[in-house]
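*Asks:* Turn this into a model:
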Amino acid sequence: MMPPWHPHFELWAIVFILGFGYWYANTRIRVHVAPNGTAPTSRQWRQWYGGLTLMAVFGGYPLHDIAEASLFTVHMAEHIVLTLVVPPLLLMGTPRWLADATLGHRWVRGWLRPLARPLPAFIIFNVTFILIHWPYLVELMVTNPVAHFSIHAWLFAAATLMWLPVLSPTPVIPKLERPKQMFYLFMQSLLPTVPASFLTFSSVALYPVYGDAALEFGLTAVADQTIAGIIMKLGGGLIIWITIAVIWFRWAAEERELDKVESSLRVG
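*Replies:* This next block holds a predicted model:
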């Protein structure tokens, strides 16, 4: 039932580079590059390393191997975590000085800023997310390790791009205003409904490459993809709608504070 263990060197390398690099940049480099830059808060440390932990758990053994060999349900859960959970955590965990020095670097911002505008970011991510559920690409990911790594890397990059209009840690890549953030995320919750519907309501197995592997876990191939569709729609939608709710409450709090300031000025 469980696939044989094997190392995921490329994942370990990425997690190590990002984990060690974050620590080294904030404890050694910051004082030279941005002496006045604020160090990460304790929450930001937790967000960054929490994101890397989830990347390692869902991208490594055994979940990743089950996702590629047996259960499309786990495959879908991996995609949801790598697109809707890990990128927001990493962006929120990035201190301003580090974002200015990386995302805001002149060699980066010239091409990143146009792509990180809401419409291009929205299109790039949603087209990517829909296409990777095309049976041909699913089979390619499952059977070709190089293609698999490349497609997942592109998906993660597209997801990070999608979140920048909401969670950009640097003003060089401007964020939307609060109401526009909510509308942007609302629209973001709609398009995945299309592939989710095909998965949920299809009466035939859409991914022959998985065969009857789900039977090892007590599921038919159709039941496996049905659950995957539910995870895509309800799981992904829940994450986005929780984010919208948080933005709404923060916007309401900011408006109340602004009203208090304006009232005090009028009284004065």
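*Asks:* alpha carbons only for contacts and neighbour counts from here, please
*Replies:* OK.
*Asks:* what's in contact with the strand or helix carrying A99?
*Replies:* In the assignment (DSSP states H and E), A99 maps to helix 96-102. With contacts defined as CA atoms under 8 Å, 6 or more residues apart in numbering, helix 96-102 is touched by 25-26, 30, 34, 37-38, 108, 169-170, 172.
*Asks:* Also stretch 198-212?
*Replies:* 69-72, 135, 138-139, 142, 220-222, 225-230.
*Asks:* quick one: low-confidence ranges for the stretch 1-150 of the chain?
*Replies:* Applying pLDDT under 70 to the stretch 1-150 of the chain flags residues 1.
*Asks:* mind redoing it with 80?
*Replies:* By pLDDT under 80, the low-scoring segments of the stretch 1-150 of the chain are 1-2.
*Asks:* What ranges does it have for its helices?
*Replies:* Taking DSSP state H, counting those that start in this stretch as the criterion, the stretch 1-150 of the chain carries its helices at 9-24, 30-33, 42-59, 63-69, 72-80, 86-92, 96-102, 106-115, 118-131, 135-143, 145-167.
*Asks:* Dump the ones you listed to TSV, plus distance to Y184 and mean neighbour count.
*Replies:* Output for these, formatted as TSV (distance: least, CA to CA, whole Å; neighbours: other CA atoms under 10 Å):
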stretch	distance to Y184	mean neighbour count
helix 9-24	29	14
helix 30-33	34	14
helix 42-59	23	18
helix 63-69	30	21
helix 72-80	18	22
helix 86-92	15	22
helix 96-102	23	18
helix 106-115	15	14
helix 118-131	7	17
helix 135-143	28	16
helix 145-167	9	19
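*Asks:* TSV for those helices, including distance to L199?
*Replies:* Listed next are the helices of the stretch 1-150 of the chain as TSV, based on distance: least, CA to CA, whole Å:
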stretch	distance to L199
helix 9-24	28
helix 30-33	47
helix 42-59	21
helix 63-69	16
helix 72-80	10
helix 86-92	24
helix 96-102	38
helix 106-115	30
helix 118-131	12
helix 135-143	11
helix 145-167	19
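*Asks:* Quick one: closest of those helices to E216.
*Replies:* Taking CA to CA, helix 63-69 is the member of the helices of the stretch 1-150 of the chain nearest to E216, at 10.9 Å.
*Asks:* packing partners for the closest one?
*Replies:* Helix 63-69 is packed against helix 72-80, helix 135-143, with contacts defined by 3 or more CA pairs under 8 Å, 6 or more residues apart in numbering; DSSP states H and E.
*Asks:* Measure how far it is from the centre of its chain, please.
*Replies:* 19 Å (CA atoms, centre = their mean, to the nearest Å).
*Asks:* center of this structure, which residue is that?
*Replies:* Nearest to the mean C-alpha position of the chain, counting by CA atoms, centre = their mean, stands T83 at 2.5 Å.
*Asks:* ok, now which ones touch that one?
*Replies:* 155-156, 159-160.
*Asks:* would JSON lines of these with pLDDT and distance to A214 be doable?
*Replies:* Output for those, formatted as JSON lines (pLDDT from 0 to 100; distance: CA to CA, whole Å):
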{"residue": "L155", "pLDDT": "96", "distance to A214": "25"}
{"residue": "F156", "pLDDT": "97", "distance to A214": "26"}
{"residue": "A159", "pLDDT": "98", "distance to A214": "28"}
{"residue": "T160", "pLDDT": "98", "distance to A214": "31"}
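*Asks:* okay, the closest residue to S168 other than its chain neighbours: pLDDT?
*Replies:* Ranked by CA to CA, 6 or more residues apart in numbering and with sequence neighbours excluded, the top spatial neighbour of S168 is K175, at 5.9 Å. K175 carries a pLDDT score of 96 in this model.
*Asks:* how about K175, secondary structure?
*Replies:* coil (DSSP: H, G, I helix; E, B strand; the rest coil).
*Asks:* which helix in this protein runs the most residues?
*Replies:* Scanning the chain for the longest helix, with DSSP state H as the assignment, gives helix 236-267.
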